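A.B. asks: Sequence and predicted model, in that order:
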Amino acid sequence: MTIRLSSLIMLTLALGLLLAVVNPTFAGSRLPATGGVSAVEGAAGGGLSPWGVLTGTASEGEWAVTATRTAARLDDYRLDVSGIASNWNDRLEVSFARQRLGLDTLGGKLEQDILGAKLKLLGDLLYHPWGIWSLGIQHKALDDGRLPLAVGARSTSGNDVYLAGSKLFFDALAGRNLLANLTLRSTKANQGGLLGFGGDRRASRSLVVESSLGLFLSPRWIVGVEYRQKPDNLGFAAEDDWQSLYSAYFFNKHVSLTGAWLDLGSIAGLDDQGGGYLSLQIAF
């Protein structure tokens with residue numbers, strides 16, 4: 001019997017989640033919200049982009065495990081994401097996400113697995129003058145690549161590499177704390193990989209910028225904006241940058257809920273793709 005790699009990854013991380021419940025070293029001693037939420041690709045950060053932070057609230061000598069369920073509803077598409085991630089020693093994050101894009105207007109679906117790793121290079125979100133900086137990689141693979149290849153994609157799998165930095169500025173605006181993030185990504189992915197990698201217009205890698213700002217209205221409630229630049233590899237349809245307005249509330253160290261309004265522009269020739277986003281994260 002053949003067992004998919006994604007199933008083994010999910011089983012391994014789920015075991016870590018179970019251990020987190022019974023092992024106090026998984027509790028995490030960092031403050032709530034310092035691990036961000038889970039991006040649509042599984043890594044810790046905002047909804048659209050990975051940040052420099054690592055998932056959960058684990059500090060040195062501790063583990064953290066998070067599980068996430070995300071749904072986005074656009075004019076012509078439905079995106080559902082299940083993800084799980086682990087943070088060891090506040091140094092290394094490993095994540096896995098399963099994406100399913102329903103093509104409501106065009107018909108059919110696209111599914112993608114994303115295995116990620118993020119290594120903290122230096123710094124601290126709260127107290128280091130340069131914030132926290134991390135280096136990450138995401139391996140992406142489509143289940144069925146016939147549609148992406150038919151519209152001009154060069155491959156059905158690929159790797160994104162990114163450098164992300166995050167910094168919390170105390171008393172930055174009207175006595176509120178401001179969180180800023182900058183991510184530089186090297187990628188060939190079309191629509192995050194759901195339409196394959198590379199294309200007839202551009203086959204080489206692109207260096208793109210992703211950024212976000214978030215204002216803490218309270219220690220547990222943040223509102224902000226995100227922006228994600230995109231490559232434009234396919235000749236049959238332009239690919240627009242992604243933007244969002246988001247609000248995330250951290251009930252405690254273990255539960256957070258994120259809602260957002262998305263503006264994803266044109267996707268596969270269908271323009272003005274906007275809609276709502278909701279993501280629940282459970283952390284240990």
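C.D. replies: Yes, it's here.
A.B. asks: Could you use CA atoms for every contact and neighbour count after this?
C.D. replies: Will do.
A.B. asks: Low-confidence bits of the protein, can you list those?
C.D. replies: Scanning the chain for pLDDT under 70 picks out 1-28.
A.B. asks: In space, what's closest to the most centrally placed residue in it - neighbours in sequence excluded?
C.D. replies: Residue closest to the mean C-alpha point of the chain, counted by CA atoms, centre = their mean, is Ala39 at 2.2 Å. Sequence neighbours aside, Gly47 is the residue nearest to Ala39 in space, at 4.1 Å (criterion: CA to CA, 6 or more residues apart in numbering).
A.B. asks: same question, Asp240
C.D. replies: Gly265 (5.2 Å).
A.B. asks: quick one: contacts for Val209?
C.D. replies: Counting by CA atoms under 8 Å, 6 or more residues apart in numbering, Val209 touches 182-185, 228-229.
A.B. asks: now do 10 Å
C.D. replies: With contacts taken as CA atoms under 10 Å, 6 or more residues apart in numbering, Val209 has the following neighbours: 49, 162, 164, 182-186, 227-230.
A.B. asks: do the same with Ser279
C.D. replies: By CA under 10 Å, 6+ apart, the neighbours of Ser279 are 37-40, 47, 68-72, 80-82, 248, 256-260.
A.B. asks: Pretty sure it sits in a helix.
C.D. replies: No. According to DSSP: H, G, I helix; E, B strand; the rest coil, Ser279 belongs to no helix; its state is strand.
A.B. asks: give me the beta-bridge partners of it?
C.D. replies: Beta-bridge pairing for Ser279 (DSSP bridges): Thr70, Thr258.
A.B. asks: ok, now how distant is it from Gly175?
C.D. replies: With distances taken as CA to CA, to the nearest Å, Ser279 is found 28 Å from Gly175.
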